[in-house]
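Participant: Any chance you can model this:
(chains A and B)
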Amino acid sequence: MRYAMAIDTKKCVGCGDCVVACQTENNVPIGYCRDWIVEVTDGTYPQLEIEIRSERCNHCDNSPCVRCCPTGASHYIEGGIVKVTPHKCIGCGACIASCPYDARYSHPDGYVDKCTFCDHRIKQGQQPACVAVCPTKCMYFGDLDDPNSDVSNVLKKRKYKTLIPEAGTKPQVYYLI
Amino acid sequence: MAQKRRDFIKISSLSAAGLIFGAQQLRSAIPPYSQTELGDFGPLSSQRTPTYCEVCFWKCAGWVYKNQEGAIQKVVGNDNDSNCNGRLCPRGTGGVGMYYDEDRLKNPLIRVKGKDGKQTFREASWDEALDVVAKGLQKVKEEHGAECTALLTHGSGGHYFGTLLKAFGSTNIAAPSYAQCRGPREVGFIATFGEGLNSPEPTDIRDTRCLVLIGSHLGENMHNGQVQEMSDAIDKGASIITVDPRFSTVASKSKFWLPIKPATDIALLLTWIHEIIENEWYDKDYVERYTYGLDLLKAHVKNYTPEWAYGITTIKPEVIRETAREMANAAPSVIIHPGRHVTWYGDDTQRLRAVAILNALLGSWGRRGGFYVPEKASVPSYPHPEFPKPQRTWRDAMGGKYKLADLALASGVCDATIPSPDLNCSIKAWIVNGTNLIMTLPDQRKTIEAIQNLDFMVVVDTMPMEITGYADVVLPECTYLERWDDLRVVQGREPNIALRMPAAEPKYNTKPAYWMAKKLADKMGLGDYFAWNSMEEMLDWQLKEVGSSLEEMKRIGVKNLPREYGALYFRDGEEIEFNTNTGKIELYSTALAAEGFDPMPKYTPHMEPPAGYYHLNYGRAPQHTFSRTSNNPNLTDLMDENTLWVNPKVAKEWGLKNGQPVYLENQDGVVSDFPIKVRVTERTRFDSVYMVHGFGHANKKLSRAFGKGASDSQLITRVLVDPIMGGTGMRGNFVTFRFEKESEVKS
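Facilitator: Residues are numbered from 1 along each chain as shown, chains lettered A, B, ... in the order given. Take a look at the predicted model:
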């Protein structure tokens, strides 16, 4: 099993619903976030393009954050999801420094926090909160090892990219372009 | 200067105890959990409560979930609701912030005058506060007549205060959502098709092949169902044509973006009409069968060629031709979208007439992928005595103008409050429910002048909005998550009803609007109009009348009912009588002609900004609704201030840097209260600046919103009134940059 997410930049309007839904689902304190919006404008008026991306932890196959964690707090669980065990985390910040995507933050309670792909929801057969709430339905989630999953299907049909592939982290969040 | 009846009172001068309590509330807003449980997030309480959202007017139905401690945790969309299909927008998801906002109004307040003459608010019991309201209204009735009272409202509480006012003897009930927003499109479509659009608009976006947006920034205005359907349409390969001086989010998703010169939309629309008629791209069978006035229209648009429009709109003739053909190729599955906030330049009804005419020519009205035929459930009102008939209304103060307005004008009520020798009706008391008129109505000076002429004003709100500072009595309403309300009955592809019930007890000393109105009715001897004992009893009675029950609705939240009046689309060759004078879709409007207005739209040039000034364009952000969400802790976390979009060429000329705060001064010398940060971006034209509406709050009690960004409302002092229906055009204002405020220079 290999969980992954595909996000359609052609449909995303950058409304930030994924950010709020994640906060209220996962008790992310106000002022912090596990996912966020990036908007890139190219060109000069009136020849313009915008790419809008909802970004989060890429749950990399080759995660620098897991490799550098001195206590084993950062670890993989089934399906390749990268997680942090708060009571094992000493808040040293090595993982924050190692992540090329800036996907982790220091929780005010003293540990490092990040996206979990809402594994608590997956266990109940639900989609991650961000995927479930998105008004443009621009996010697809599922098992890449299952050729019939939403995410496998959309990656077969569409052109896509990953972020900073040159970092060699093998990210598992794909952007449809 | 004459002494003001009303000094603006900042509610912040109130009890410090309230503030401390508020801070504690905020901390508890984040439900506690132990660190070790993070890996296996504990189950939410299985209890879920149905609601429909009140953060905007789309009213999506959803479920409120609580955590194990019993505190409200999240709101999630109801899968069976066609307004949201289980997906709330960021504002709906962030609706919990409205409940947890520690700056909420907490107690009834009464304006009192101290020995030193200083006016302040004093906390009062509900009984005392409602007594003051009842007496204030009764006094106006005795001295001037019940007709001299008015209700200005937004949101679900308006129904109860509306019932109270009608029982009292006045029908002056107005919502700014009409004359300050969607009114012109209703009148423009009624003049054409014999019916308006209402809400949610019956645009069949999910099946459209071509969606045309005239200044409408779908996706930034988060009209949930429409944004969802637009995304579906993109998936299915529909083309989008966006006309906007700004490179909006949806412009970036469009096959064609037409970066039009501001205020010239009618020229483009007339030229599209010209192209479609001249090339005979219109739906001949549909037009022949259903419309009136094609020959008149053809002669009228004869000279409106793409070359003519080029000089006006700056859109190249070949682009105008290509986009006209794009629409025609998609017809009848094409939508020239009517938009929502359309009070721009004062000729808005005519612009929306042009939009309606284009839709008629392409045969999209009543067709799949165009506009469907909506249906709405008919739910009976709880029985009450007949309302008295008022002798006069706000219309009597309008001198016979705006007769085609199909709803009351909030701006008209405001005008009818300022005494003038010509007026036959002078309003003396306002009930203001859920609308911050200071930021809703254009020309704040006029709104404040009207308020100073009132004998009495009561404001009902959840938040200490600017309008509360002018009230005689402030009544703190609980949020939608803490109250029962009327059933949601809105139009859609299927008739449907939705239930809102409280998920929690009202925080602080707040109450629902229905409770306030019923109590007031009792005090004013009008109790018979609120004959039910409880909302549960009233709702259960209503629901049983439509074959459901409160018990069922508590379980399902939303009920979709079968259509009763026919198909979703016109059938081929169906005989249809439209509700117009001719019984046809009127390309030539006999109703407008009869009132002395242009029966077909014309292009009129609008004022252009003087050198050094720029069109003040404004719009929405998907995270906010008007000015009402700008203190919501969850939503300010996404966006806590607006910025001023400035083209890089303009920025260079003025030496403006990204993030630099500037004040804005408009053509009438009004300077913004607060500076706004510049956002240098290619996404706006060199002749315009842009900001999101609803920021720049001046009330310190709004701790997160105070002084954040600038208020477009404050800078909208030139109002271009639509002569047909009284809509207040707000896009005729120009601004320039100021680097410091005069008062600051002096100090």
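
Participant: Tell me which residue is most central in chain A.
Facilitator: Nearest to the geometric centre of chain A sits A:R56, at 3.1 Å (C-alpha atoms, centre = their mean).

Participant: Which residues does the longest helix seen in chain A contact?
Facilitator: Secondary structure of chain A per DSSP state H: the longest helix is helix A:17-26. The contact list for helix A:17-26 (C-beta atoms under 8 Å, 6 or more residues apart in numbering or on different chains) reads A:28-30, A:33-37, A:54, A:115-116, A:118, A:121, A:129-130, A:132-135, A:139, B:41, B:73-75, B:87-90, B:93-94, B:96, B:622, B:634-635, B:637-638. Quick note: C-beta positions are derived from backbone N, CA and C, even for glycine.

Participant: interface residues of the stretch 501-650 of chain B facing chain A?
Facilitator: Selection of the stretch 501-650 of chain B residues close to chain A by C-beta under 8 Å from any C-beta of the partner chain yields B:622-623, B:633-635, B:637-639, B:647-648.

Participant: Closest to chain A out of those?
Facilitator: Closest approach to chain A among these (C-beta to the nearest C-beta): B:P622, at 3.6 Å.

Participant: hang on, that closest one in a helix?
Facilitator: No: counting by DSSP: H, G, I helix; E, B strand; the rest coil, B:P622 is not part of a helix but coil.

Participant: thinking again about what came up before, among the residues of the stretch 501-650 of chain B next to chain A, which one lies nearest to B:T149?
Facilitator: Nearest to B:T149 among these: B:L635, at 34.3 Å, using C-beta to C-beta.

Participant: Pull up the per-residue confidence for that closest one.
Facilitator: At B:L635, the pLDDT value in this model is 97.

Participant: and it, what element?
Facilitator: According to DSSP states H and E, B:L635 maps onto helix B:633-636.

Participant: same deal with B:V287?
Facilitator: helix B:284-290.

Participant: Give the pairing partners of whichever helix or strand comes after that helix; include direction for each.
Facilitator: As assigned by DSSP H and E, the chain's next helix or strand after helix B:284-290 is strand B:291-292. Using DSSP bridges, strand B:291-292 pairs in its sheet with strand B:585-586 (parallel).

Participant: pLDDT averaged over the strand it pairs with - what is it?
Facilitator: Strand B:585-586 shows a mean pLDDT of 98.

Participant: Tell me how far the helix or strand that comes right after it lies from the chain's centre.
Facilitator: Elements were assigned by DSSP H and E; along the chain past strand B:585-586, the next helix or strand is helix B:590-594. Relative to its parent chain, helix B:590-594 has a centroid offset of 28 Å by C-alpha atoms, centre = their mean, to the nearest Å.

Participant: tell me which residues in helix B:590-594 are buried?
Facilitator: B:590-592 (16 or more other C-beta atoms under 10 Å in any protein chain shown).

Participant: can you check stretch B:690-698 too?
Facilitator: Those would be B:690-698, for stretch B:690-698 by 16+ other C-beta under 10 Å.

Participant: Chain A: strands as residue ranges?
Facilitator: For chain A, the strands defined by DSSP state E occupy A:3-8, A:36-44, A:47-55, A:74-77, A:81-84, A:105-106, A:112-113, A:139-143, A:160-161, A:173-176.

Participant: Am I right that B:L151 is in a strand?
Facilitator: Yes: assigned with three-state DSSP, B:L151 falls within a strand.

Participant: which residues does it contact?
Facilitator: Counted by C-beta under 8 Å, 6+ apart, B:L151 has contacts B:158, B:161-162, B:165, B:170, B:172-174, B:430-433.

Participant: With A:S63 instead?
Facilitator: A:S63 neighbours (C-beta under 8 Å, 6+ apart): A:74, A:76, A:82, A:169.

Participant: which among those residues gets closest to A:R2?
Facilitator: Distances from A:R2 to those, taken by C-beta to C-beta, are shortest for A:Y76, at 11.0 Å.

Participant: Check whether the closest one really touches A:R67, as I assumed.
Facilitator: No: look at A:Y76 against A:R67 with C-beta atoms under 8 Å: they stay out of range, at 10.9 Å.

Participant: Settle it for me: which of these two has more neighbours?
Facilitator: A:Y76 (14 against 11; other C-beta atoms under 10 Å in any protein chain shown).

Participant: returning to that earlier point: which of the contacts of B:L151 has the largest number of neighbours?
Facilitator: B:I431 (31 neighbours).

Participant: how much space between it and B:R340?
Facilitator: 26 Å (C-beta to C-beta, to the nearest Å).

Participant: ok so, going back, now flag whichever of the buried residues of stretch B:690-698 is closest to B:L105.
Facilitator: B:H697 (14.7 Å).

Participant: what is the closest one paired to in the beta sheet?
Facilitator: B:F706.

Participant: quick check: domain ranges of chain B?
Facilitator: B:190-374+B:569-594, B:614-746 (automatic domain parsing).

Participant: Any idea which of these gets closest to B:A405?
Facilitator: domain B:614-746 (4.2 Å).

Participant: Could you tell me how far that closest one lies from the centre of the chain?
Facilitator: With C-alpha atoms, centre = their mean, you get 18 Å for domain B:614-746.

Participant: remind me which residues of the chain are low pLDDT?
Facilitator: All of this refers to chain A. Applying pLDDT under 70 to chain A flags no residue at all.

Participant: meant chain B actually
Facilitator: B:1-6, B:10-46, B:422-425, B:743-747.

Participant: what residue lies at the spatial centre of it?
Facilitator: Short answer for chain B (C-alpha atoms, centre = their mean): B:S177, at 4.4 Å.

Participant: could I have the helix holding B:L635 exported to CSV, CA atoms only?
Facilitator: Presented in CSV, the C-alpha positions along helix B:633-636 are these (Å, rounded to 0.1, in the frame of the first residue of the first chain):
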residue,chain,number,x,y,z
PRO,B,633,-10.4,34.0,14.5
ASN,B,634,-10.4,31.1,12.1
LEU,B,635,-10.9,33.3,9.0
THR,B,636,-8.5,36.1,10.0
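
Participant: which element follows that helix toward the C-terminus?
Facilitator: Heading C-terminal from helix B:633-636 (DSSP H and E), you reach strand B:643-646.

Participant: From the contact counts, what lies against that following strand?
Facilitator: strand B:676-680, strand B:688-692 (3 or more C-beta pairs under 8 Å, 6 or more residues apart in numbering or on different chains; DSSP states H and E).

Participant: Strand B:676-680 and the last one, what's the angle between them?
Facilitator: Read it as strand B:688-692. 120 degrees (axes from the mean of the first three to the mean of the last three C-alpha atoms, to 10 degrees).

Participant: Can you name the element that comes right after strand B:688-692?
Facilitator: Per DSSP H and E, the first helix or strand lying C-terminal to strand B:688-692 is helix B:712-715.

Participant: What is that next one packed up against?
Facilitator: helix B:437-440, strand B:614-619.

Participant: follow-up on the earlier one: now the longest helix of chain A, how far from the centre of its chain.
Facilitator: 13 Å.

Participant: same question, stretch B:569-577
Facilitator: The answer for stretch B:569-577 is 33 Å, by C-alpha atoms, centre = their mean.
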